[in-house]
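> Fold the following.
(3 chains)
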Amino acid sequence: MVAVNLTLDLAGTFFFALSGAMAGVKHKLDIFGVLVLSFVAANSGGIIRDVLIGAIPPLAINEWRYLAVSVLAGGITFYRHALIERLRSPVQLFDAMGLALFAVSGADKALAFQLGPVAAVLLGMLTGIGGGMARDILVAEIPAVLRSELYAVAALAGATVVVIGRQLHWSSLTAMVVGAILCFSLRFLAIRRGWRLPIASGRTF
Amino acid sequence: MVAVNLTLDLAGTFFFALSGAMAGVKHKLDIFGVLVLSFVAANSGGIIRDVLIGAIPPLAINEWRYLAVSVLAGGITFYRHALIERLRSPVQLFDAMGLALFAVSGADKALAFQLGPVAAVLLGMLTGIGGGMARDILVAEIPAVLRSELYAVAALAGATVVVIGRQLHWSSLTAMVVGAILCFSLRFLAIRRGWRLPIASGRTF
Amino acid sequence: MVAVNLTLDLAGTFFFALSGAMAGVKHKLDIFGVLVLSFVAANSGGIIRDVLIGAIPPLAINEWRYLAVSVLAGGITFYRHALIERLRSPVQLFDAMGLALFAVSGADKALAFQLGPVAAVLLGMLTGIGGGMARDILVAEIPAVLRSELYAVAALAGATVVVIGRQLHWSSLTAMVVGAILCFSLRFLAIRRGWRLPIASGRTF
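Reported below is the predicted structural model:
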């Protein structure tokens, strides 16, 4: 189970690191800046979650595989960014997978650390969207996760399923699989069909 | 006493959440982005303080009322932002109340966690201004709290009163009330009379 | 040994606080905003490191000398920014010294808290570059440390020497001195000779 968790987590890390590296290349950072941004995008959500639940030192700092996977994704992107760019559509799908994996594993870990249901949902969502927020802050942009098609909402839905499922005595794995499928499906359909949440109407001063 | 503390804290949360939601509406975030920004503006200061003093998990994560109040303020703002905008002047007053409440409760909590006097003053100020800083970082602006009329200074003054008062063996409540009144008065007068601190003179390269 | 550590740390704090204050003056913050930015630039790296390794409350919050030194540097810069600006070249050198001191002391502290070698290198680098990143985020710019001449790489090199040195059973002091010299030399030569890391080639969409 731990092995499954780690594998899924590292897969999510890889996809988010790709998005961080793309942002770095786009803003003409040098290769080391690109690698830093890969690591930040992939691991900030998990690190913040771990700090907030008291899991010190955070796993992403203390377990070298997270760094290795981030650097790998960053290096590939740096040298093959034209390729990654052509694959934008698959990358968005992978990003949605990363989001789903992080949201459910974040909520699950918060529950394992005895946090309450509302806190676990919040932390699951934060694990999913935190990396993307940190990435965009570092390149001085308003975080895309606050404006993209159902991005944060999908993470919220996935995390909520995990918390409710656990209260219904589902196994941890079942709850996470169902939550991840819901999160991924929501995000996937939102991208495909251009679903967006409303913005405030009228003249906005 | 705990009930009083919680009530004041939630009042401050509400007013800061309004300011976060207004920033979100102004930058055309969708409704969920607006709610995230409400939560961030209202709770970042307290969450950072709790992390720094070792109060894990942070109260604002673990106590659902903070989330509920933030979402309520965000929802009202989203659907009635023109009204909130017309009330700009009262909102600024409420914001000053929030600042005062957070600065003194932040300093008080730091003392309760055995931090020294300088640390407690710093953490009180940070609790007061942290949310506004996080809000502005998320919309890619230089934090207004670093430039507004005596904003951070008022928080510093309120927190200082709490720390000095406690060393003079005032009760916690007395120290907080006096500190909050000082902080609020300073900020209120600064807004009314346009008091500003100096900026560096001369040609600034 | 503790006294040596503290002295070196405070020297680094002073130089980083200068850089924060210069950024604040440049962006026309008022004097208090300038002081906040001094403190943030000088202490964010160490505070984040302390949170991540569980050294709560962080030293820079709990030990008044860090605040005093930051405020001193900020005040000098505010009133004498033209002078500091003329000294840009020496300030860059001092900044390089600060970087070297922070990178090696950060790695050393992480090892003292039982973190693994990869984590210690990461945390050393973060201690070195964290303050500059926070400073630039607060003035809504892309962190210069992600683009400057070998900035983060020099910090990484210094931290790596500390970790390897300790595994070779060097004394803590020896490892830190060698690491700091390497870090400083790399950064110094990079500034002098304009060494830069490559950025991604070709059309970057």
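> Can you list the buried residues in whichever strand or helix holds A:Ala11?
In this structure, A:Ala11 sits in helix A:2-26 according to DSSP states H and E. In terms of neighbour count (16 or more other Cβ atoms under 10 Å in any protein chain shown), helix A:2-26 has its buried residues at A:5, A:8-10, A:12-25. Heads up, the C-betas are built off the backbone N, CA and C, glycines and all.
> now stretch A:161-181
Across stretch A:161-181, burial judged by 16+ other Cβ under 10 Å covers A:161-163, A:165-166, A:170, A:172, A:175-180.
> so can I have JSON lines of the residues you listed showing pLDDT and distance to chain C?
Output for the buried residues of stretch A:161-181, formatted as JSON lines (pLDDT from 0 to 100; distance: Cβ to the nearest Cβ, whole Å):
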{"residue": "A:Val161", "pLDDT": "96", "distance to chain C": "30"}
{"residue": "A:Val162", "pLDDT": "95", "distance to chain C": "26"}
{"residue": "A:Val163", "pLDDT": "96", "distance to chain C": "26"}
{"residue": "A:Gly165", "pLDDT": "95", "distance to chain C": "31"}
{"residue": "A:Arg166", "pLDDT": "92", "distance to chain C": "28"}
{"residue": "A:Trp170", "pLDDT": "92", "distance to chain C": "33"}
{"residue": "A:Ser172", "pLDDT": "88", "distance to chain C": "26"}
{"residue": "A:Ala175", "pLDDT": "93", "distance to chain C": "29"}
{"residue": "A:Met176", "pLDDT": "92", "distance to chain C": "26"}
{"residue": "A:Val177", "pLDDT": "92", "distance to chain C": "31"}
{"residue": "A:Val178", "pLDDT": "95", "distance to chain C": "33"}
{"residue": "A:Gly179", "pLDDT": "95", "distance to chain C": "28"}
{"residue": "A:Ala180", "pLDDT": "94", "distance to chain C": "28"}
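> Of those, which is the nearest to B:Leu93?
Using Cβ to Cβ, the shortest approach to B:Leu93 within these belongs to A:Val163, at 38.3 Å.
> how near is that closest one to B:Pro57?
Look at A:Val163 and B:Pro57: by Cβ to Cβ, to the nearest Å, they are 15 Å apart.
> And the helices in chain A?
Remark: helices assigned in chain A by DSSP state H are A:2-26, A:31-53, A:59-62, A:64-79, A:81-86, A:88-112, A:117-138, A:151-167, A:172-193.
> looking at these, which one has the lowest mean pLDDT?
Ranked by mean pLDDT, the helices of chain A bottom out at helix A:81-86, which scores a mean of 76.
> now check it, is it near chain C?
Yes: with Cβ under 8 Å from any Cβ of the partner chain as the measure, helix A:81-86 is seen reaching chain C through A:His81, A:Ala82, A:Glu85.
> now these: which count as buried?
A:His81, A:Glu85.
> I'd guessed A:Gly45 sits against A:Lys109; true?
No: using Cβ atoms under 8 Å, A:Gly45 is not in contact with A:Lys109, being 11.4 Å away.
> of these two, who's got more company?
Per other Cβ atoms under 10 Å in any protein chain shown, whichever of A:Gly45 and A:Lys109 has more neighbours is A:Gly45, with 31 against 22.
> what sits against the residue nearest to that one when sequence neighbours are not counted?
Leaving aside its sequence neighbours, A:Gly45 sits nearest to A:Gly130 (Cβ to Cβ, 6 or more residues apart in numbering or on different chains; 3.0 Å). Going by Cβ atoms under 8 Å, 6 or more residues apart in numbering or on different chains, A:Gly130 touches A:Ser44, A:Gly45, A:Gly46, A:Ile48, A:Arg49.
> Scan these and report the most crowded one.
Among these, the one with the most neighbours (other Cβ under 10 Å) is A:Gly45, at 31 neighbours.
> any idea how far the residue nearest the centre of chain A is from A:Thr160?
Of all residues in chain A, the one closest to the mean position by Cα atoms, centre = their mean is A:Gly128, 3.4 Å from it. A:Gly128 sits 12 Å away from A:Thr160, going by Cβ to Cβ.
> Around chain B, pick out the residues from chain A.
Contact residues (Cβ under 8 Å from any Cβ) of chain A with chain B: A:51-54, A:113, A:115-116, A:118-119, A:122-123, A:133, A:137, A:140-143, A:146-147, A:152-153, A:156, A:196-200, A:202-205.
> Need the residues touching each of A:Gly45 and A:Lys109.
A:Thr127.
> who in chain A is up against chain C?
Residues of chain A lying close to chain C (Cβ under 8 Å from any Cβ) are A:24-34, A:36-37, A:47, A:51, A:56-58, A:61-62, A:64, A:67, A:78-79, A:81-82, A:85, A:137-140.
> Can you turn the buried subset of those into a selection I can paste into PyMOL?
Buried subset of those, written as a PyMOL selection, criterion 16+ other Cβ under 10 Å:
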select buried, chain A and resi 24+25+27+29+30+31+32+33+34+36+37+47+51+56+57+58+61+62+67+78+81+85+137+138+139+140
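> hang on, the earlier thing: and the gap between the residue nearest to the centre of chain A and A:Ala41?
12 Å.
> swap in A:Val104?
In terms of Cβ to Cβ, A:Val104 sits 19 Å off from A:Ala41.
> Likewise for A:Cys183?
Note on A:Cys183: its distance to A:Ala41, by Cβ to Cβ, is 18 Å.
> ditto for A:Ala112
A:Ala112 is 25 Å from A:Ala41, by Cβ to Cβ.
> Between these two, tell me which one has more neighbours.
Counted by other Cβ under 10 Å, A:Ala112 and A:Ala41 do not tie: A:Ala41 has more neighbours, with 32 against 13.
> quick one: contacts for that one?
Applying Cβ under 8 Å, 6+ apart, the residues contacting A:Ala41 are A:Phe16, A:Ala17, A:Ser19, A:Gly20, A:Ala21, A:Ala23, A:Gly131, A:Gly132, A:Ala134, A:Arg135.
> mind redoing it with 7 Å?
Counting by Cβ atoms under 7 Å, 6 or more residues apart in numbering or on different chains, A:Ala41 makes contact with A:Phe16, A:Ala17, A:Ser19, A:Gly20, A:Gly131, A:Gly132, A:Ala134, A:Arg135.
> Hmm, the third one is touching A:Met97, no?
No: using Cβ atoms under 7 Å, A:Ser19 makes no contact with A:Met97, being 11.9 Å away.
> between these two, what contacts are shared?
Overlap of the contact sets of A:Ser19 and A:Met97 (by Cβ under 7 Å, 6+ apart) is empty.
> that older thread, would you show me how to pick out the buried ones of the residues of chain A next to chain B in ChimeraX?
Paste this into ChimeraX to select the buried members of those, with burial taken from 16+ other Cβ under 10 Å:
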select /A:51,52,53,113,115,116,118,119,122,123,133,137,140,142,143,146,147,152,153,156,197,199,200
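> For A:Ala103, the count of nearby residues, please.
Neighbour count for A:Ala103, taken as other Cβ under 10 Å: 37.
> Surely it is in contact with A:Ile129?
No: using Cβ under 7 Å, A:Ala103 is not in contact with A:Ile129; the gap is 8.2 Å.
> got any residues that touch both of the two?
A:Ala155.
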